[in-house]
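Engineer: give me coordinates for this.
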Amino acid sequence: MTVAEFLAWPGDGTGRKFQLVDGELRAMSPGSATHGTIQSNLSRLIGNLLVASNSASNSGCRIVTEPGVITRIRSDVNMRVPDLGVSCTADAPGQQALPDPILLIEVLSPSNTRETWDNVWSYATIPSVREIAVVHSTRVLVEMLRRGTDGHWPEGPEEVGPGGSLRLESIGFTCRLPDVYAQTYLA
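Structural biologist: Residues are numbered from 1 along each chain as shown. Predicted coordinates:
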């Protein structure tokens, strides 16, 4: 299946969500309540910063929940779906993929670790992406990847654990990890 066919596809009638991986449909399992709480916390915290920043600087960055993003490699057959994405390109009618994402965030569940990291490495092919965060849902840990000033990615992620702070340079955001995990059993 191509991205165009995927976007025109009416779904399988079950209400399940899918992403397109190398031309194949990949069903997305619903996340746990903890996963959803972490995703909501991050969306709120980042969204509040972006609304305040946009009012002050008119930069227009926005956070989107479960956006479709098109990878650079094999872009005709890949539309991946991270948990959160930030773009500073204005919303427009008919957009079905998040244009020019600068930050992508995955909340990692133990049941889909391999698929999540497969997505992460695919996100790194998108020229506009400057940071990728993988936030664990079963322990307090964030793995950060930042594109260097030379355009290259590090060999491995920087780990931020309990007591640390999540720093997203692409949008000038910093918060303590307890804020990310608030209202979860990990708090």
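Engineer: going along the chain, name the helices of this structure.
Structural biologist: 3-8, 33-57, 113-123, 177-180 (DSSP state H).
Engineer: mind showing which ranges of this structure have poor pLDDT?
Structural biologist: Counting by pLDDT under 70, the chain has low-confidence residues at 54-59.
Engineer: one more time with 80
Structural biologist: Applying pLDDT under 80 to the chain flags residues 29-30, 53-59.
Engineer: rewinding a little: quick one, which of the helices of the chain is nearest to residue 168?
Structural biologist: Among the helices of the chain, the nearest to residue 168 by C-beta to C-beta is helix 33-57 (7.5 Å). C-beta: built from backbone N, CA, C; applies to glycine.
Engineer: buried set for the closest one?
Structural biologist: 34-35, 37-39, 41-43, 45-47, 49-50, 53 (16 or more other C-beta atoms under 10 Å).
Engineer: export those to a markdown table and tack on distance to residue 117?
Structural biologist: Converted to a markdown table, these look like this (distance: C-beta to C-beta, whole Å):
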| residue | distance to residue 117 |
| --- | --- |
| 34 | 19 |
| 35 | 16 |
| 37 | 22 |
| 38 | 17 |
| 39 | 18 |
| 41 | 22 |
| 42 | 19 |
| 43 | 22 |
| 45 | 24 |
| 46 | 22 |
| 47 | 26 |
| 49 | 27 |
| 50 | 27 |
| 53 | 30 |
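Engineer: could you export the strand ranked longest in the chain as CSV, CA atoms only?
Structural biologist: In the chain, ranked by residue count with DSSP state E as the criterion, the top strand is strand 101-108. Taking C-alpha atoms only, strand 101-108 is exported to CSV below (Å, rounded to 0.1, in the frame of the first residue of the first chain):
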residue,chain,number,x,y,z
PRO,A,101,8.0,18.1,12.6
ILE,A,102,10.9,19.4,14.8
LEU,A,103,10.3,17.2,17.8
LEU,A,104,8.7,13.7,18.0
ILE,A,105,7.9,11.9,21.3
GLU,A,106,7.2,8.2,21.8
VAL,A,107,5.8,6.7,25.1
LEU,A,108,7.4,3.3,25.2
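Engineer: surely residue 109 meets residue 137?
Structural biologist: Yes: between residue 109 and residue 137 there is a contact at 5.4 Å, judged by C-beta atoms under 8 Å.
Engineer: joint contacts of these two?
Structural biologist: 31, 32, 35 (C-beta atoms under 8 Å, 6 or more residues apart in numbering).
Engineer: nearest to residue 141 among those?
Structural biologist: Distances from residue 141 to those, taken by C-beta to C-beta, are shortest for residue 35, at 14.0 Å.
Engineer: ok, now which ones touch that closest one?
Structural biologist: By C-beta under 8 Å, 6+ apart, the neighbours of residue 35 are 107, 109, 137.
Engineer: including distance to residue 75, could the helices of the chain go into a markdown table?
Structural biologist: Below are the helices of the chain laid out as a markdown table (distance: least, C-beta to C-beta, whole Å):
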| stretch | distance to residue 75 |
| --- | --- |
| helix 3-8 | 7 |
| helix 33-57 | 26 |
| helix 113-123 | 10 |
| helix 177-180 | 31 |
